[in-house]
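>>> need a 3D model of the sequence below.
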Amino acid sequence: MQEIVNIFVKSIFIDNMVFAYFLGMCSYLAVSKTVKTSVGLGIAVIFVLGITVPVNYLINDYLLSAGALSWLGEGFDEVNLSFLSYIMFIAVIASMVQLVEMVVEKFTPALYFSLGIFLPLIAVNCAILGGSLFMQEREYLSIWQATSFGLGSGVGWLLAIVGIAAIREKIRYSNVPAPLRGLGITFIITGLMGIAFMSFLGIKL
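Below is the predicted model:
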């Protein structure tokens with residue numbers, strides 16, 4: 001249980017998808033103009049990561065990795081389908097994003113139209129695929145650890161996009177030099193937030 005909590009906290013603060021690996025920057029920069037849309041997209045990312053990482057863990061563990069098909073009987077011990085990882089992971093992600101898109105359109109149409117094209121683009125958000133690939137690389141021992149990592153990564157991404165959105169709403173009233181307005185000041189603030197998150201590296205888990 002302690003290891004699961006450690007993975008969750010570490011994926012939020014230390015291994016933050018935005019500030020540690022700069023993944024998912026397209027949506028992070030484009031949708032972070034208001035806190036409302038940022039929260040909506042962040043929750044969608046949490047849901048997609050929370051579902052796709054454990055599902056891809058099961059697919060990787062019981063179908064794709066070397067010897068994973070040994071449960072089918074003799075002769076399958078040497079089968080290695082790991083070369084299919086990318087296409088299988090992307091297929092699962094695309095399916096989950098389609099589900100999220102339909103749910104958001106049904107229950108919160110205002111949020112659906114405010115997010116626009118960026119909601120279906122979660123499918124090609126590199127933070128989502130990165131979550132599954134990091135899970136595969138780190139070889140988590142159980143589906144609970146993989147789920148904890150997926151949810152923590154989503155919460156970390158939500159924290160990052162809501163934080164930058166809140167700051168961008170405030171600096172509209174600031175006297176920002178003309179050449180830096182828009183993405184310029186946003187990149188500078190993102191760098192400063194990344195440096196601030198480096199302080200969490202001292203946390204002992």
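>>> stretch 97-116: end-to-end distance?
14 Å (CA to CA, to the nearest Å).
>>> in the chain, which helix is the longest?
If you go by DSSP state H, the chain has its longest helix at helix 143-171.
>>> so what does it touch, helix or strand wise?
helix 2-13, helix 25-31, helix 35-59, helix 126-138, helix 183-197 (3 or more CB pairs under 8 Å, 6 or more residues apart in numbering; DSSP states H and E). For the C-beta atoms, the positions are set from N, CA and C on the backbone; glycine is no exception.
>>> please identify the deepest-packed of those.
The highest mean neighbour count among the helices and strands packed on helix 143-171, using mean count of other CB atoms under 10 Å, belongs to helix 35-59: a mean of 22.
>>> off-centre distance for that one?
Chain-centre distance of helix 35-59: 6 Å, with CA atoms, centre = their mean, to the nearest Å.
>>> mean confidence score for it?
The average pLDDT within helix 35-59 is 92.
>>> quick one: closest of the helices and strands packed on helix 143-171 to residue 112.
Nearest to residue 112, of all the helices and strands packed on helix 143-171, is helix 35-59, at 8.7 Å by CB to CB.
>>> relative to helix 143-171, how tilted is that closest one?
160 degrees (axes from the mean of the first three to the mean of the last three CA atoms, to 10 degrees).
>>> what residue of this protein is the furthest out?
Distance to the chain centre peaks in the chain at residue 74, reaching 38.2 Å (criterion: CA atoms, centre = their mean).
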